[in-house]
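Participant: the following block contains a protein sequence and its predicted model.
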Number of protein chains: 2
Amino acid sequence: MKTRSRATVLAAAASALLALIWYRYGVTLAAESGPTTESVTDPQGNLRVPEGYRGTYEYLGSWAIAAAQGQGSKELHIVYASPGTMSAYQKKGSFPDGAVLVKEVFEAATAPMTTGTVSHADKLKGWFVMVRDTADHHPGNKLWGDGWGWAWFDASSPSKTTSRDYRVDCLTCHIPARATDWIYVGGYPSIRR
Amino acid sequence: MKTRSRATVLAAAASALLALIWYRYGVTLAAESGPTTESVTDPQGNLRVPEGYRGTYEYLGSWAIAAAQGQGSKELHIVYASPGTMSAYQKKGSFPDGAVLVKEVFEAATAPMTTGTVSHADKLKGWFVMVRDTADHHPGNKLWGDGWGWAWFDASSPSKTTSRDYRVDCLTCHIPARATDWIYVGGYPSIRR
């Protein structure tokens, strides 16, 4: 009986250990890979705004677009990256394949505050979404090319882009950032090198 | 032998299940509570900037402080909250005890870009740190009161505040936000109600 008990205990302990290792490994993998590219694009390369990115993505940086007249900002752009992007960029100096960037475009509200004339994010106008893809997975899709998938989404339609051709609708504004894979990395203190 | 084997298998399975539940529960708890208040304050209530907050905290919002002359911003303020703060606020309409807010204060750099005259975060000047504390844990400490711990840190000294009395050094700028527990929540789209 003693031997059997010991065998039972040992088997249970071994199983528990294996379960722990498996679970920990699974959890670690999930945490490191984060939301998969599948939550942003389907097999045909159709893009969408990933759900819940504010709770799971990393904050990358903000841009304040000055008002044409007077003080303050007319828009604030807030950029998020999928989990792991910052550390991958810090290590390699480039965005890893599958990395997703989401740029929120807000109308800004400006008011006098105790720190001066201050603008903050007010009404969401929409999102720019980019997905890193150096392997050119969607050569026939006009929203993919130059190492990225590109799309704009109005605030009312996070799953249906209004972009038709990234070369016309997206790339032109990114030409000055061509040397840094089309991304204005200088605005992102966390990954600035 | 068959009975014994079955017992062994059952015991092992039960242990594995228990281990999984325990481990999952432990992981879940850790993920929800996030960095503990201890990483920001010691038992005497001395505050510091939490290490690694950019990788673990939630992005809350940005403020663009207009330049006194001409277009653009002179500063950008970026606010992070400790993990779980956003969902807790969304549920209860207030900041949970132990919640930590970190506000980065950057000098802004302004330049013409394809979207207009645009400012982004440049040189870090320092941090404001606040810790929610409705129970008034440090009544004799002049950096704690009105439901928060308060402190400013120069960029060169994230572990040693230059603040001496929150009523003089911090609270005055927050008086217009008194009704919302001293926080300008209107600038934070994720928790705006």
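Facilitator: Received, thanks.
Participant: what is the burial count for A:Ser157?
Facilitator: Applying other Cβ atoms under 10 Å in any protein chain shown, we find 13 residues neighbouring A:Ser157. Where C-beta positions appear, they are placed from N, C-alpha and C, glycine not excepted.
Participant: is it within a helix or a strand, and which one?
Facilitator: Remark: A:Ser157 resides in no helix or strand, with elements defined by DSSP states H and E.
Participant: for the one 4 residues further on, same thing?
Facilitator: Taking DSSP H and E as the definition, A:Thr161 sits outside all helices and strands.
Participant: dump the residue contacts of it.
Facilitator: Applying Cβ atoms under 8 Å, 6 or more residues apart in numbering or on different chains, one finds that A:Thr161 lies in contact with A:Asn46, A:Leu47, A:Arg48, A:Val129, A:Leu143, A:Ala151, A:Trp152, A:Phe153.
Participant: ok but A:Val168 is inside a strand, no?
Facilitator: No: read with DSSP: H, G, I helix; E, B strand; the rest coil, A:Val168 is helix and lies in no strand.
Participant: what distance do you get for it to A:Gly149?
Facilitator: 15 Å (Cβ to Cβ, to the nearest Å).
Participant: who has more neighbours out of the two?
Facilitator: Between A:Val168 and A:Gly149, counted using other Cβ under 10 Å, A:Gly149 has the larger neighbour count: 24 against 10.
Participant: helix/strand/coil for the more buried one?
Facilitator: strand.
Participant: residue ranges with poor pLDDT in chain A?
Facilitator: Within chain A, the segments meeting pLDDT under 70 span A:1-38.
Participant: 50 - rerun?
Facilitator: Within chain A, the ranges that satisfy pLDDT under 50 run A:1, A:18, A:21-34.
Participant: biggest strand in it by residues?
Facilitator: strand A:116-132 (DSSP state E).
Participant: could you list the domains of chain A?
Facilitator: A:1-33, A:37-187 (automatic domain parsing).
Participant: in TSV, list these along with distance to B:Cys173.
Facilitator: As requested, the domains of chain A are exported to TSV (distance: least, Cβ to Cβ, whole Å):
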stretch	distance to B:Cys173
domain A:1-33	38
domain A:37-187	4
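Participant: need the winner for burial among those.
Facilitator: domain A:37-187 (a mean of 18; mean count of other Cβ atoms under 10 Å in any protein chain shown).
Participant: and the most centrally placed residue in chain A, how close does it get to B:Arg167?
Facilitator: In chain A, the residue lying closest to the centroid (Cα atoms, centre = their mean) is A:Ala81, at 2.8 Å. Look at A:Ala81 and B:Arg167: by Cβ to Cβ, they are 39 Å apart.
Participant: now A:Ala66
Facilitator: 35 Å.
Participant: near chain B, anything from the longest strand of chain A?
Facilitator: Yes: counting by Cβ under 8 Å from any Cβ of the partner chain, chain B has neighbours in strand A:116-132: A:Gly116, A:Thr117, A:Val118, A:Ser119, A:His120, A:Ala121, A:Leu124.
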